[in-house]
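Q: below: sequence and its predicted model.
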Amino acid sequence: MIQIGKILKKVPIFKMLGKESIDFIVERLKFKTFQKGENICEIGDPGEEMFIIISGETDICIGEKGNQQVVATLKSGDYFGEMALLTGEPRSATVKANEVTETFVLYKNDFDVILEKYPSISLSMGKIVSQRLRDTLKKAASASGEKKDNFEARGDGSGPSGSLKDMALVDLISFCEANSLTGDMKISHGDELGVFEFERGELLNIKLGDLADDAALDKMINWQDGRFEINVRPLTLKTTPEEETVDEVKKVLIVNNSKVVRRVIERAFTGLGYEVSTASNIATSLDVINTVVPDIIITDIKLADGSGIEFIRQVRDTQNVPFIFITDDAVKANFEQELQDVDDVDITKTHEVSEIVKLVENKLLQ
């Protein structure tokens, strides 16, 4: 089961944040769906948001239109575009949805609010590193466009190749890191062959004959000529041993007059791995509860056949199920007064799906 807070903690720029800060970010995520074949972003687009994939699959591609190379395939629980929050510079890759893909999006204007509230997030180093990677990609693009004999995409589906005279080894390493390469980069110099292995843009090891890692790098870094060849292995999401533990599937009941609202919330929670049931009124909900026994109920405060207060009292006659009521600041204060003597209840501040997800995760998954 995917937990949005845990995914955010994996993003390098958010690693140092505590639970309160992460919750503040989650509340600002926006739910967005992309259709199969749709470009989520394209090379050259303004870099103004990052994406967390709830469900679906995307390809990350580099190169010119008609000759693009897939350097990563990202799935549920992965993220991309976090560098855009640091620089706001144009996209260096095209991201395409391979199937219907549902995401949470964090826009840069919301990120700026986060920075203002939590100034402990240090951006100075991040901006320097990000700018260096962007400069590297510009060099690569220039080499691809103006020196096709020396820097080119091979027809076998692999990545680019070229001459070390046109692109220094340190820039090539940065290029692979910035493009989340999973695969290897081979460097040939005379009869010597060095190999760099990458996983999701992380440099795992370096080999040159009997030399490895630092010793191999120290020798190759001084090579002024030779050839490089980048071999791409499509990336799929891997779990760590800690993540391999199978979580119990939690059951959610969504109750709302609006079919559209029910569907939007249902899609988000289904993508996150929950078992979801829906109902439009209290009577139908009680039938569902007797069959499904949900772990939590998400409901509007006004339903076609009664109020939220009446609903929770009927449920609590037989089961002590946690409730989340969807409301907003305009009516929240009055409703809180009615719930003063009711336990295990949360009330949203907005109608944003991300806030509902945060409340559910805090209730069921902590």
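A: Received, thanks.

Q: for this structure, which segments are assigned as helices?
A: 4-10, 19-26, 82-87, 108-117, 124-146, 169-178, 213-220, 259-271, 282-292, 308-316, 329-338, 353-364 (DSSP state H).

Q: next one: the first one to chain centre, how far?
A: The chain centre lies 9 Å from the centre of helix 4-10; the measure is Cα atoms, centre = their mean, to the nearest Å.

Q: buried set for that helix?
A: Along helix 4-10, these residues count as buried under the neighbour rule (16 or more other Cβ atoms under 10 Å): 4-5, 7-8. Every residue, glycine included, has its C-beta placed from N, CA and C.

Q: and stretch 30-47, by the same measure?
A: Residues of stretch 30-47 classed as buried: 31, 33-34, 40-41, 43, 47 (neighbour count, 16+ other Cβ under 10 Å).

Q: just stretch 91-103 next, same as before
A: 91-97, 100-103.

Q: which pair in those spans the largest distance?
A: 92 and 100 (25.3 Å; Cβ to Cβ).

Q: thinking again about what came up before, ok, which of the helices of the chain comes nearest residue 227?
A: Checking the helices of the chain against residue 227 by Cβ to Cβ gives helix 169-178 as the closest, at 11.1 Å.

Q: tell me the angle that closest one makes with helix 213-220.
A: Put simply, helix 169-178 runs at 130 degrees to helix 213-220, going by axes from the mean of the first three to the mean of the last three Cα atoms, to 10 degrees.

Q: rewinding a little: going by distance to residue 293, which of the buried residues of helix 4-10 wins?
A: Closest to residue 293, out of all of the buried residues of helix 4-10 and judged by Cβ to Cβ, is residue 4, at 25.0 Å.

Q: residue 361 is in contact with that closest one, correct?
A: Yes: using Cβ atoms under 8 Å, residue 4 is in contact with residue 361, at 6.7 Å.

Q: pLDDT weak spots in the stretch 101-250 of the chain?
A: 119-159, 178-180, 200, 233-247 (pLDDT under 70).

Q: these two touch, right, residue 278 and residue 254?
A: Yes: between residue 278 and residue 254 there is a contact under Cβ under 8 Å: 4.7 Å.

Q: count of residues packed around the closest residue to residue 206 other than its chain neighbours?
A: Of all residues not flanking residue 206 in the chain, residue 216 sits nearest, at 4.6 Å (Cβ to Cβ, 6 or more residues apart in numbering). For residue 216, the count of nearby residues is 20 (other Cβ atoms under 10 Å).
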